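Colleague: Pasted the sequence and its predicted model underneath.
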Amino acid sequence: MSEDAGGPRRLRSAAWFGEGATGGKLRAFSHRSRMRQLGYLPEEHLGKPVIAILNTWSDINPCHMHLRERAEQVKRGVWQAGGFPLEFPVATLSETFQKPTPMLYRNLLAMETEELLRSYPVDGAVLMGGCDKTIPALLMGAASADLPAIVVPSGPMLRGHHRGRTLGSGTDLWAYWDEYRAGRIGECEMSQVECGLARSPGHCMTMGTASTMTAAAEALGMALPGSSSIPAVDSAHHRMAAASGLRIVELVGENLTPSVIMTREAFEDAAATVLALGGSTNALIHLVAMAGRVGVPFRLDDFDRIGRGVPVLADIRPVGALLMEDFYYAGGLPALLRQLSEVPGALHPQRATVAGRPFAEYYQDAEVHQPEDGGPVAIRSPQDPVAEEGGLAVLHGNLAPGGAVIKHLAADPKLLRHTGPAHVFDSYQELQQHIDDPALGITEDTVLVLRGAGPVGGPGMPEYGMLPIPAYLLEKGVKDLVRISDARMSGTSYGTCVLHVSPEAYAGGPLALVRTGDRISLDVERRLLQLEVDGAELERRRAEWTPPEPKYQRGYGALYAEHITQADEGCDFDFLAGSGHNPAVDPQ
């Protein structure tokens, strides 16, 4: 335990239990009595750092199905370091099953995390999760509570397999589904693919949102070096969990909190890491929201600026060819950071991390390991990158005054500068019902537009942004179209998909004014998204536009709709973003 100028630091939990075995006030006596009711001896917890293990395990979250076991390894580390662990079950956000989207509930888990840490007798926290929205939510809440905290990433699942081919979750799901829709494969093969895509516990083993955000947590300095790359079922994952439990007790002694670690420099490094990984577009929303919780000004244009100077170094689907297991064997995130550090100004090596060492020590001795068979390596050098600059671009123009995002490295290059007629869908349900109708006249030049799928309109901004291509075009071999929406898309997706158009149509953004037949121009090099309609005509349409009725009339959904910010602001609640005074907890 480190010391203040006046002597040893008093543990926060001591305010609940009093000093010594019999000291304190009536409430302290009551709290100690209830601990005895729980079966705990005084010497087990009194005077020791109390560590909250926030566990997002659930029977219906395949990304986290192993975290009940991992919590035991975290506890082992906490006990070894002289702490006292307490496990808290918190909301599980399952990208696979939760509807309309777990993004609707990210802020709910963030609130739960903050309030649990504020209201219980804990001195530090271990944040266990991995599925897309879980890591951002846990870090947002922990940042607002600002107690010492460390992330235990759930880890990627093993590679998928089908008929001798390696499969990537999400990415190959979309590819096989399109082949099925085009009539090139049948029900029997699809049932085999169904069983081969996801073969173990863990999150997607492609560079989807889960792999992106766990890597971002490590790059922020909020997880131990190398922790985000370890496959969920590898024994190294057990050891990492125990090491994280040990380290959180030390963090309490050092009083090393998220506000010390999650600085402007840390967010710049996390953004550079995401871009070098060819990571998910969702990272832009989450990192902006997380930065807001610690009062760091971080915006979409920061990503675009950083991306222009950062090469893509990870050869992982959907931008590349390999999977997270290959990435781990090649050296994991420390090896990628070592390569990225060769790019002048890409990283800030001396900033603080939960490891208690400067960020440079995460990667300075890391090596990239080549496969024995001479096959492709998952981590490239700046001299031989997957792409010369980051795989995400931020667009502006009269159609997206607040910005929009495109993962242009996962798009057809010939569509990155394109002008074509719009075909507008006002809901995802309308899109699903009519997209395959030849009477719509959709061609290779058409720009598909989906609106009403943003933060309020979705609701919750679902992953609808990879709009399906009409089956009759798939049959002709057309594999990509320009697609524009105020929705998000899975980080495992691909295609010329312009996402996060802000402000959203439901809030009266320009997307609400587009009509079928209007011409839309996309120019990624110029970072431009433009509706080719006269300004006077747009003003006339705006005067005729009527705001839609609220989708929720009560409950959390109504709270969400009233307070959610737009995508370019991180989709946080306006009353949670930034700093502000809350009364100190008085347990007596």
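Modeller: Okay, I see it.

Colleague: Output stretch 34-52 in PDB, but only the C-alpha positions, please.
Modeller: Presented in PDB, the C-alpha positions along stretch 34-52 are these (Å, rounded to 0.1, in the frame of the first residue of the first chain):
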ATOM      1  CA  ARG A  34     -23.800  -8.600   7.500                       C
ATOM      2  CA  MET A  35     -20.400  -9.600   6.400                       C
ATOM      3  CA  ARG A  36     -20.400 -12.300   9.100                       C
ATOM      4  CA  GLN A  37     -23.900 -13.300   7.800                       C
ATOM      5  CA  LEU A  38     -22.300 -13.800   4.400                       C
ATOM      6  CA  GLY A  39     -19.800 -16.100   6.100                       C
ATOM      7  CA  TYR A  40     -16.700 -13.900   5.900                       C
ATOM      8  CA  LEU A  41     -14.200 -13.800   8.700                       C
ATOM      9  CA  PRO A  42     -13.000 -10.400   9.800                       C
ATOM     10  CA  GLU A  43      -9.400 -11.200   8.800                       C
ATOM     11  CA  GLU A  44     -10.600 -12.000   5.300                       C
ATOM     12  CA  HIS A  45     -11.600  -8.500   4.400                       C
ATOM     13  CA  LEU A  46     -11.000  -5.900   7.200                       C
ATOM     14  CA  GLY A  47      -8.100  -3.600   6.200                       C
ATOM     15  CA  LYS A  48      -7.700  -5.200   2.800                       C
ATOM     16  CA  PRO A  49      -8.500  -3.600  -0.600                       C
ATOM     17  CA  VAL A  50     -12.000  -4.700  -1.600                       C
ATOM     18  CA  ILE A  51     -12.100  -5.500  -5.400                       C
ATOM     19  CA  ALA A  52     -15.300  -5.500  -7.400                       C
END
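
Colleague: quick one: contacts of it?
Modeller: Around stretch 34-52, the neighbours that count as contacts under Cβ atoms under 8 Å, 6 or more residues apart in numbering are 1, 11, 13-14, 17, 20-21, 32, 78, 82-86, 88, 116-117, 120-126, 245, 248-249, 252-253. No exception for glycine: its C-beta is placed from N, CA and C like everyone else's.

Colleague: Please repeat the previous calculation with a cut-off of 6 Å.
Modeller: Contact partners of stretch 34-52, identified using Cβ atoms under 6 Å, 6 or more residues apart in numbering, comprise 13, 17, 21, 78, 83-86, 88, 121-125, 248-249, 252.

Colleague: Enumerate every residue touching residue 207.
Modeller: Residue 207 neighbours (Cβ under 6 Å, 6+ apart): 277-279, 316.

Colleague: Please dump the residues you listed into a markdown table; it should also carry secondary structure for every row.
Modeller: As requested, the contacts of residue 207 are arranged in a markdown table below (DSSP: H, G, I helix; E, B strand; the rest coil):
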| residue | secondary structure |
| --- | --- |
| 277 | coil |
| 278 | coil |
| 279 | coil |
| 316 | strand |
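
Colleague: from these, which two are the most distant?
Modeller: The most widely separated members of the contacts of residue 207 are 279 and 316, with 9.2 Å between them, by Cβ to Cβ.

Colleague: if you count what's nearby, which of those two comes out ahead?
Modeller: residue 279 (30 against 27; other Cβ atoms under 10 Å).

Colleague: Name the nearest residue to that one, ignoring sequence neighbours.
Modeller: Nearest residue to residue 279, sequence neighbours excluded (Cβ to Cβ, 6 or more residues apart in numbering): residue 212, at 3.6 Å.

Colleague: right, and that neighbour touches residue 283 too?
Modeller: Yes. Residue 212 is in contact with residue 283 according to Cβ atoms under 6 Å; the separation is 5.0 Å.
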